[in-house]
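Student: Prediction below, plus the sequence it came from.
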Amino acid sequence: MISTRKITKTVSTSEGELQILQPISFEVKAGESIAIVGASGSGKSTLLSLLAGLDEVSSGEILLDDEPLHKMNEEARARLRGEKVGFIFQSFMLVQSLTALENVMLPAEISGLDNAKGRATEILELVGLSHRAHHYPNQLSGGEQQRVAIARAFIGQPKILFADEPTGNLDAANSEKIEQLLFDMNRDIGTTLVLVTHDNELAKRCSRQLTMQAGVLTETTAPVTAVEEA
Amino acid sequence: MGVGFNLAWRLFRHEARRGELTIILLAIVLSVASVLSLSLFSERLQGALTERSASFLAADSQFRSSQPIDDSWVEEASEFDLKTARQVATRSMAFGEENMSLVDLRAVNENYPLKGEVLIADTPFGQTKAATDLPSPGEAWIDSRLFQLLDVKLGGTIYVGDAAFTVTRVLGEIPDAGFSIFSTDPIVLIRDADLAAANITGPGSRVNYTAFFTGDQDSLKGYYRWLRPNIDKEIHRWRSVSEDQSPVGRSVARAERYFLLASLLAIILAAVSIAVAAQRFSQRHFDPVAIMKTLGASKSMIRRVYTIQICLITTAGIVIGLIAGVAIQQVVVTALADQVDVSLDVWHWRPVLIAIFTGVICALLFSLYPLLRLFSVPPLRVLRRDIDATMSSRTLQFLAAGGAIFLLMWTYSRDIKLSAILFVSGIALVAGLLLVTMGLIRVGRKLGTGKMGPWQLAWARIRRRSMDNSVQLISFSVTLLLLLVVLVMRNDMVAQWRAQLPEGTPNYFLINITQAEKPEIEQHFANANVEMSDFYPVVRGRFVAVNDERVNTSMSKEDEEGPREGRDGLGREANLTWSNTLQFGNEITAGNWQGDDTSEPADGIYPVSVEEQSAERMDINLGDVLTFNIGSEDVKVRVTSMRKVDWQTMQPNFFFVLSPAAMQSFSPTYITSFFLDTERKPELTELLKPFPSATLFDVDARINQLREIVDQVSLAVEFILILVLAAGALVLIAQVQASMDERQQELAILRTLGAKGSLIRLSVVYEFIIIGVVAGFMAALTNELSLYMLQTSIFQMEAVLHPEYWIIAPIVGAAVVGLLGAIGCWRLLSLNTTALLRKMV
């Protein structure tokens, strides 16, 4: 589903060029769930932004569902994201001026899916928020906002889901619920999950774990049972 | 289109409901409403004032001729849908049973007057009222003075030429009598049909033929174009309200320029507030754009969503603004209806179109740059909140904003030169302000160090965002500057108007006072508690030669008519006076005033001072020797000074002022003036009874009319001032509001770190006070410069310095901006820290 070959990311700073990512190559199969763990500033979010096509690689190749992301311009990448990718962010990233329902409808509408409202209502029901459908994000708790974000991520039944610290802003109880919901829906829909976290417990629920350290990615094989147990 | 529109509409609906569009909507509403109400009001008022001025011409336009006007020319006017009236005016002797007097005879046709009213009274010098008819053939309406001069009563008979007329009314005023104090001779109004019988307009007599025209501007212009080939400048003269050089005409013209200026400034104010609001709108949408892009929205979709949204906001702003503008204007017009005669029934479309155009141009051009920035926000912002828009070229912003302002000024003033002057000076001003404010901020850096008190915090904030603060300072300065210009301009203008006609301005003139009567009159008036002004000696003399070269009669005729149309001298001769002191309202422009020197000059030729415009017209220069024929004697005088005479003062003014020494051998009559309250008017007859030979000129009605107009125009100007002040206040609020958003994050952090509310509040208030003081001071300085340019080049006024505003402006700036800052801050601090932090997300 995802294939990278020697991707790097270099940025210019006042002190010259700075290579944030050393050449990285790895593969993610369809339906797999992988966790990228690492300390703050290790480059894991940068890797996520490259894999999701939010940013451009400095060198190397990325194939996302066999489409060459590294050759695409921003417009093409946006189309690809709309068709195949879902997102969950640490700070929820809901549009403040839209209600919960409208936030969920947003990707469906952008991609031109029919019956966006019906789908959104259905999926909000699934995440247990149908009673909050017409509330604005600032009227919802952090946990509720993230459930709306999850509903939004899954409405288009994406092939790949990228999650950036999905429980980073939540307390323990809410984190647990959100993790459960995320993995349940991931399993039901059969999405490939790429999760960035510094939470080892959360990482352990994924089928594979990759560790990022100072821009270098190394793979650690996680016990498969962890996912099954969850 | 569907998805884009749905999303745009949804965002618009929710944001409007949640009050997030208030600022930008308010800015557009404000621009549309202020432009509409200002221009609608000023068009209506101008209409009313023009109408008023027209009443002094008795029509919208006059065609005057010294020879009979061809009937076919006047008939042609009906082809242009113009109404016409005619008048023949001449000077002639009128006889009573025993006495006679020179009169100004006006023979009018049935349509006279087309504008204004003929005023009549029941008794001589009695209260006047508007006449509803005209004298019938065989009747004459005569001036109050003639009852005295001809010893005639209502119902009596007077004779003019070969015709006899029954006196049926006391004539108070005719609209086109002119503004001259020596408004020639007493007027006799008769019908044109009677003129032939009088047989007084034969060859050799001086007759003025006037045709009056009224209709809409285009028709008048069309007719004038048709008539122009027939106009012989020697004989004919075309006069219109727009070129009216009377005191009223000038006041109205100046007021019109003020309205134009105020409206232009209101447009700029509105534009500034829209620019501020659009910037804020764009910044608030960085996240939604990043989110939508992440979720797969193409650039074109984002463009569609936000362009539609701006269109929705603009449309809503324009609709609300139009309603508000009409309402404001209606409320004010209704409130002022008693004092200001505005044509309520006239609806003007131009202001509406201009208001809509203003709304559209402001909203689109001022949001262009913020929108382009918004479109350039990269999706990566969802992961890295510090990433901003990638487009940051300010050139486009300046081009778009500058273009918008220039386009609006040009559209509004229809005067590319005026717009260009204002625009270029504006740019120079902003550039200068930018330099100075940057410098000031740099100086302030030193002050912002040390222990963290509220002052230090305030300076530190100013220092840290010096570029943002310069822009903010400039916008505050420009707003304050515009308010100052409008305010000070209004004060200067109204003061200069009022100075023309101060309370107690003489409203009656008494002439033909003999030397013997002079002390008696002084005593008599003092007993009646009426204060008289100076007595001017007058002898009538014919101006016959310059440097022994004879001048022709047409020149002496010119001399009588003076520099202004309608200012006639006394008969065919000039009034000569003499004095050692320069008269009030006179100013020496060349040479030296003759002064007290009474010694006889070596060549025996005494000095004379000549009014500069007449001198120019008659080609008289300093050093020339003029000859006057007085009685049977010739008097030679040398021109030693030229005087500028303020014709707008209601004072006796003279073209020639001689030295008393030169006139010792002549026995003069005297002119004096006095002020008598309108209510005491009935006492006049009694007051003048002992002096039958003295002649009274009543200018009370004229003065009241003038004063009324000046008051109306001042009131209107005041209203416009209030509107512009309100617009300015709203702009300031919008600016503080916008800058408060930027401060929100910092306040939240300070709050979270445990800073006391009072420290934060004080630091914000101090910050705004510093900005307010600097902005006020900058505004006061630039105000002087702008006023100097405006007053000298556009308003033709005397420019004066206003040092008081150098102190007032910084204080008011500090107070207003500080207060607004405190209110904005209080609103933020009333939220708890969690709410504040959540607002930041």
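Tutor: Cool, the structure landed. Residues are numbered from 1 along each chain as shown, chains lettered A, B, ... in the order given.

Student: use CA for all of it now, contacts and neighbours both
Tutor: Noted.

Student: for the lengthiest helix in chain B, packing partners?
Tutor: Once chain B is assigned using DSSP state H, the helix that runs over the most residues is helix B:700-752. Other helices and strands packing on helix B:700-752, by 3 or more Cα pairs under 8 Å, 6 or more residues apart in numbering or on different chains; DSSP states H and E, are helix B:22-57, helix B:247-284, helix B:466-500, helix B:757-793, helix B:803-829, helix B:833-840.

Student: got the phi/psi numbers for residue B:587?
Tutor: The phi/psi pair for residue B:587 (degrees, to the nearest 10) reads phi -140, psi 130.

Student: Now for the residue lying closest to residue B:809 once chain neighbours are set aside, how many residues are close by?
Tutor: For residue B:809, ignoring the flanking residues on the chain, the nearest one in space by Cα to Cα, 6 or more residues apart in numbering or on different chains is residue B:776 at 4.7 Å. When neighbours are defined as other Cα atoms under 10 Å in any protein chain shown, residue B:776 has 31 of them.

Student: swap in residue A:86?
Tutor: Residue A:86, neighbours per other Cα under 10 Å, totals 29.

Student: I'd say residue B:265 and residue B:480 touch.
Tutor: No. Here residue B:265 does not reach residue B:480: they are 11.2 Å apart, not a contact under Cα atoms under 8 Å.

Student: dump the residue contacts of residue A:12.
Tutor: Residues near residue A:12 by Cα atoms under 8 Å, 6 or more residues apart in numbering or on different chains: residue A:18.

Student: buried ones in the host helix or strand of it?
Tutor: Secondary structure from DSSP states H and E places residue A:12 in strand A:2-13. By neighbour count on 16 or more other Cα atoms under 10 Å in any protein chain shown, the buried set for strand A:2-13 is A:2, A:3, A:4, A:7, A:8, A:9.

Student: Turn the residues you listed into JSON lines, columns for distance to chain B and pLDDT.
Tutor: Shown next, in JSON lines, are these (distance: Cα to the nearest Cα, whole Å; pLDDT from 0 to 100):
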{"residue": "A:2", "distance to chain B": "18", "pLDDT": "90"}
{"residue": "A:3", "distance to chain B": "21", "pLDDT": "91"}
{"residue": "A:4", "distance to chain B": "20", "pLDDT": "91"}
{"residue": "A:7", "distance to chain B": "18", "pLDDT": "92"}
{"residue": "A:8", "distance to chain B": "17", "pLDDT": "92"}
{"residue": "A:9", "distance to chain B": "14", "pLDDT": "91"}
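
Student: Tell me which two of those residues sit farthest apart.
Tutor: Spanning the widest gap among those are A:2 and A:9, at 17.5 Å by Cα to Cα.

Student: In chain A, where's the longest helix?
Tutor: helix A:172-189.

Student: Summarise which helices and strands it is packed against.
Tutor: Using 3+ Cα pairs under 8 Å, 6+ apart, helix A:172-189 is in contact with helix A:142-154.

Student: Remind me what the helix it packs on packs against, helices and strands.
Tutor: With contacts taken as 3+ Cα pairs under 8 Å, 6+ apart, helix A:142-154 sits against strand A:85-88, helix A:100-110, helix A:116-126, helix A:172-189.

Student: What average pLDDT does the first one get?
Tutor: The pLDDT scores in strand A:85-88 average 90.

Student: ok, now the second one?
Tutor: Model confidence over helix A:100-110, given as mean pLDDT, is 92.

Student: What's the separation between the residue lying closest to residue B:194 once chain neighbours are set aside and residue B:645?
Tutor: Once flanking residues are discounted, residue B:194 sits nearest to residue B:137: 6.2 Å by Cα to Cα, 6+ apart. Distance of residue B:137 to residue B:645, given as Cα to Cα, to the nearest Å: 43 Å.

Student: Between the two, which is the more surrounded one?
Tutor: Taking neighbours as other Cα under 10 Å, residue B:137 and residue B:645 compare with residue B:645 leading, 21 against 14.

Student: who are the neighbours in contact with residue B:79?
Tutor: Residue B:79 touches nothing, counting by Cα under 8 Å, 6+ apart.

Student: Make sure I have this right: it is in a helix.
Tutor: Yes. Looking at residue B:79 with DSSP: H, G, I helix; E, B strand; the rest coil, it is inside a helix.

Student: pLDDT score assigned to the residue nearest to residue B:271 when sequence neighbours are not counted?
Tutor: Among residues not flanking residue B:271 along the chain, residue B:362 sits closest, at 5.7 Å (Cα to Cα, 6+ apart). Looking at residue B:362, its pLDDT is 81.

Student: Could you pick out the residues of chain B near chain A for me?
Tutor: B:3, B:10-11, B:14-15, B:287-288, B:291-299, B:379-380, B:382-383, B:838, B:841 (Cα under 8 Å from any Cα of the partner chain).

Student: Separate out the buried members of those residues.
Tutor: So, by 16+ other Cα under 10 Å, the buried ones in the residues of chain B next to chain A are B:3, B:10-11, B:14-15, B:287-288, B:291-299, B:379-380, B:382-383.

Student: Could you look up the next helix or strand downstream of the strand holding residue A:12?
Tutor: As assigned by DSSP H and E, the chain's next helix or strand after strand A:2-13 is strand A:16-28.

Student: Next, the angle strand A:2-13 makes with that following strand.
Tutor: 170 degrees (axes from the mean of the first three to the mean of the last three Cα atoms, to 10 degrees).

Student: Any part of the following helix or strand past strand A:16-28 near chain B?
Tutor: On the C-terminal side of strand A:16-28, the nearest following helix or strand under DSSP H and E is strand A:33-37. No. Strand A:33-37 does not reach chain B (Cα under 8 Å from any Cα); its nearest approach is 15.3 Å.

Student: And what about whichever residue of chain A sits closest to chain B, helix, strand or coil?
Tutor: Going by Cα to the nearest Cα, chain B is nearest to residue A:82 of chain A, at 3.8 Å. Here residue A:82 is recorded as helix under three-state DSSP.
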